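*Asks:* Predicted model and sequence follow; I will ask about them next.
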Amino acid sequence: MVLTSHRSKRKSTGRKYRSYRSKRIFEIRSAAALTKVGERRVKVRRAVGGLIKRFLLADNQINVYDAKSKKYSKVEVKAVVENTANRHFVRRNILTKGAVVSTDLGNVKITSRPGQEAVLNGILVQ
């Protein structure tokens, strides 16, 4: 069954909406990227209007901002320490926005959306 961005079939009360049309191809959603820790892999997809979208499948480098020294540095990601999106993402090493990863500098919280932006940015957690 295809995932779509169409209106829900049910109202907030639980009653069903009356169907007025079927699913449309422009409403189809893509599957989640589930970005992992590993050698950098980027997937390219054509979007509406001929735009090119890139999304990250795997990466082991992260751009880290240190608030104390106000400097950026690129360091290697070791593993996922914490992920508020899903507790099972920690053992699967899946990177999402808000996930905390361990690096040589310390723990870093991811601020970018790797499944949609094809880049890993983060802030050093004190």
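*Replies:* Nice, I can see it.
*Asks:* Would you mind pulling up the elements that the helix or strand bottoming out on mean pLDDT in the chain packs against?
*Replies:* Across the helices and strands of the chain, mean pLDDT, DSSP states H and E gives its lowest value to helix 114-117, namely a mean of 91. Packing partners of helix 114-117 (3 or more C-beta pairs under 8 Å, 6 or more residues apart in numbering; DSSP states H and E): strand 52-59. (Glycine included, C-beta is placed from N, CA and C.)
*Asks:* So which elements touch the strand it packs on?
*Replies:* On the basis of 3+ C-beta pairs under 8 Å, 6+ apart, strand 52-59 makes packing contacts with strand 36-37, strand 41-46, helix 114-117.
*Asks:* switch the cut-off to 7 Å
*Replies:* Packing partners of strand 52-59 (3 or more C-beta pairs under 7 Å, 6 or more residues apart in numbering; DSSP states H and E): strand 41-46, helix 114-117.
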